[in-house]
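Engineer: Curious how this folds, go ahead:
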Amino acid sequence: MGLNSSCKPASALTIGGATIDVILPVVDSNIALAGKHDVPFINFAAGGGAINAATVLNKLGRNVSAYCAIGDDAEGELLCARLTQVGISLDKVEIIENAKTGRAVISVQKDGDVAIFADRGANLSLDGKALTQEVHTDLLYISSIPDLALESIFDFICHLAPKDMPVAWNPGSGQIRSGGSTFTKLLECTNVLLMNAEEAATVLNLRRGQLVTSSAKESCLELMRVSKAHVCITDGANGVWIGKNGEIFHQAAISGRVASAVGAGDTFGATFAHFITNGVEPRKAARWAVHNAHASLAGYDAVSQSLSEKILANRVTS
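Structural biologist: Numbers count the residues shown, from 1 in each chain. Below you'll find the model as predicted:
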């Protein structure tokens, strides 16, 4: 039985990037950049932090809206069509006049590693001002956002949103480097903090004012001292460290074939936030999130292979 099967499905609002992803497999890592080359396929997919998290949460059974900015162009129409197709609400999507929708070219190596070349486009115009007292959600999931949206989101959480509304935050590296005092204030309002090991080290080095090498475990321990949130530090194939209130544990990753590593962090973060805010104990939430992230690695795009709650439950308990 699903967590929400006996009542109205929980809702979620995701905030952040929206892109059209162009996915290009690289069949030979030694290939010269110049010249013309045949590849098995070139795929187009919906991507970006807000869209990836929304897709995962939607598959897990939540009613989801994505708050993001797109351009008034063909790519924006395609993105909206993809969201409608999978059941994600468009009521918070902002269409920016005379702007281009964000684009990303994702180069996928044979081992699943990726190189991402991003043109942010309309994403840079997201300002957070659409967050008003009329916005109600059971989970606010914030991914990488432009600096001008930080203050509006902080004001919404502090003054307009219900006091018991859970907030999950997965900030991007650029936002970490430039967030300043508002970044620190938003950190204090967060219930689930999601970062990879490199991002966590960057946050701590900025706070220290000096460059210090920290492991994922060390970063988790130190971030726990400045945040009351569930702190989740992902470290790729080395798994994830999770801690809160002085208690910390490690969840191992699952080994297996990797088509593409893109989106695995978004899948883990959205899945963990979904379960932990539904009252699931942290170790179980982490285990389910790792299994869902592993499932997403089978696809070349970010999150199309993430699982429903029912399928995930069967896979974890089998």
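
Engineer: Distance from the longest helix anywhere in the chain to the middle of the chain?
Structural biologist: Looking across the chain with DSSP state H, the single longest helix is helix 282-296. The chain centroid and the centroid of helix 282-296 are separated by 14 Å, computed with Cα atoms, centre = their mean, to the nearest Å.

Engineer: Kindly export it (C-alpha atoms) in PDB.
Structural biologist: C-alpha atoms of helix 282-296 as PDB (Å, rounded to 0.1, in the frame of the first residue of the first chain):
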ATOM      1  CA  PRO A 282      15.700   8.300   7.600                       C
ATOM      2  CA  ARG A 283      17.500   5.000   7.000                       C
ATOM      3  CA  LYS A 284      14.500   3.600   5.100                       C
ATOM      4  CA  ALA A 285      14.100   6.900   3.100                       C
ATOM      5  CA  ALA A 286      17.700   6.800   2.200                       C
ATOM      6  CA  ARG A 287      17.600   3.200   1.100                       C
ATOM      7  CA  TRP A 288      14.600   3.800  -1.100                       C
ATOM      8  CA  ALA A 289      16.200   7.000  -2.600                       C
ATOM      9  CA  VAL A 290      19.400   5.100  -3.500                       C
ATOM     10  CA  HIS A 291      17.400   2.400  -5.200                       C
ATOM     11  CA  ASN A 292      15.500   5.000  -7.200                       C
ATOM     12  CA  ALA A 293      18.700   6.900  -8.100                       C
ATOM     13  CA  HIS A 294      20.100   3.600  -9.300                       C
ATOM     14  CA  ALA A 295      17.100   3.000 -11.500                       C
ATOM     15  CA  SER A 296      17.500   6.400 -13.100                       C
END
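
Engineer: give me the element the residue nearest to Lys217 when sequence neighbours are not counted is part of.
Structural biologist: Excluding its sequence neighbours, the residue lying closest to Lys217 (Cβ to Cβ, 6 or more residues apart in numbering) is Trp241, at 5.0 Å. For every residue, glycine as well, the C-beta is placed using N, CA and C. Using DSSP states H and E, Trp241 maps to strand 240-244.
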